[in-house]
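> Output the structure for:
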Amino acid sequence: MGKTNVSDLEWATLERGETQFRRKQLGAAAGGGELGCSLYELPAEARSWPYHYHTGNEEALFVLEGSATLRLGRETLSLEVGDYVTLPTGEDGAHRVVNDSTEQVRYLMLSTMREPDITVYPESEKIGVFAGSPPGGDDERTVEGYFRRADEVEYWLDEETEPETKPDGESE
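Prediction:
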């Protein structure tokens, strides 16, 4: 069992265009292995991570302060203090938090911490691949990368061909 206090943790900040937030990884700080939890602060007119879904990890969101909009699958939901939303694996769980208000939004984001995981970004047609440590995990990853779906190749591309067999049955 682990314990941490939010006031003991430093903020990590991400600012990239309309994506702007501060984050404290509570689950990792408390030694969580199979359940992740992060505290997010999303400033006015900012957005969270790009619209995406996970194939191996379920997430949930709980609003602590402020109001925002959640793109969830094919829906747009209004969020306010006390709202709890589950974000299932797969396309129906695709999500992005948008703070379209003039005040900061604070929320908790919880996640199962399964690996390997594939994260799908439907709008940019990319996928992210994670093994060794799940998205949000701190361990070293054995496989990690982002790829455009259009770059798909056939299974046998650049693989060795079958060895030729000599008439006497020996391989070359």
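> drop to CA atoms for contacts and neighbour counts, all remaining ones
Fine.
> Make sure residue 68 is actually in contact with residue 96.
No - the pair residue 68 and residue 96 fails to qualify as a contact (C-alpha atoms under 8 Å) at a distance of 10.4 Å.
> more crowded one of these two?
Summary of the neighbour comparison: residue 68 and residue 96, criterion other C-alpha atoms under 10 Å, with residue 68 having more neighbours (27 against 19).
> So for the residue nearest to that one when sequence neighbours are not counted, what's the pLDDT?
Closest residue to residue 68 in three dimensions, ignoring its sequence neighbours and counting by C-alpha to C-alpha, 6 or more residues apart in numbering: residue 99, at 4.5 Å. On the pLDDT scale, residue 99 is placed at 98.
> So residue 99 versus residue 14, what's the distance?
Plainly put, residue 99 is 15 Å away from residue 14 if you go by C-alpha to C-alpha, to the nearest Å.
> Show me the shaky parts of this protein.
Low-confidence segments of the chain, defined by pLDDT under 70, span residues 1, 162-172.
> how about the helices of it, start to end?
Counting by DSSP state H, the chain has helices at residues 26-29.
> Which residue would you name as the spatial centre of it?
residue 135 (5.3 Å; C-alpha atoms, centre = their mean).
> give me every residue that touches that one.
Contact partners of residue 135, counting by C-alpha atoms under 8 Å, 6 or more residues apart in numbering, are 113, 117.
> do the same with residue 153
By C-alpha under 8 Å, 6+ apart, residue 153 lies in contact with nothing.
> Quick check: it vs residue 106, distance?
Residue 153 is 42 Å from residue 106, where distance means C-alpha to C-alpha.
> For burial, what's the neighbour tally of the residue nearest to residue 130 when sequence neighbours are not counted?
Computed as C-alpha to C-alpha, 6+ apart, the closest residue to residue 130 that is not its neighbour in sequence is residue 144, at 4.7 Å. Other residues near residue 144 come to 17 when the count uses other C-alpha under 10 Å.
> how close does residue 144 get to residue 48?
Counting by C-alpha to C-alpha, the separation of residue 144 from residue 48 is 21 Å.
> neighbour count winner among residue 99 and residue 14?
residue 99 (22 against 13).
> close enough to count as contact, the more buried one and residue 46?
Yes - because the distance of 5.4 Å satisfies C-alpha under 8 Å, residue 99 is recorded as touching residue 46.
> Common neighbours of these two, please.
With contacts defined as C-alpha under 8 Å, 6+ apart, no residue is shared by residue 99 and residue 46.
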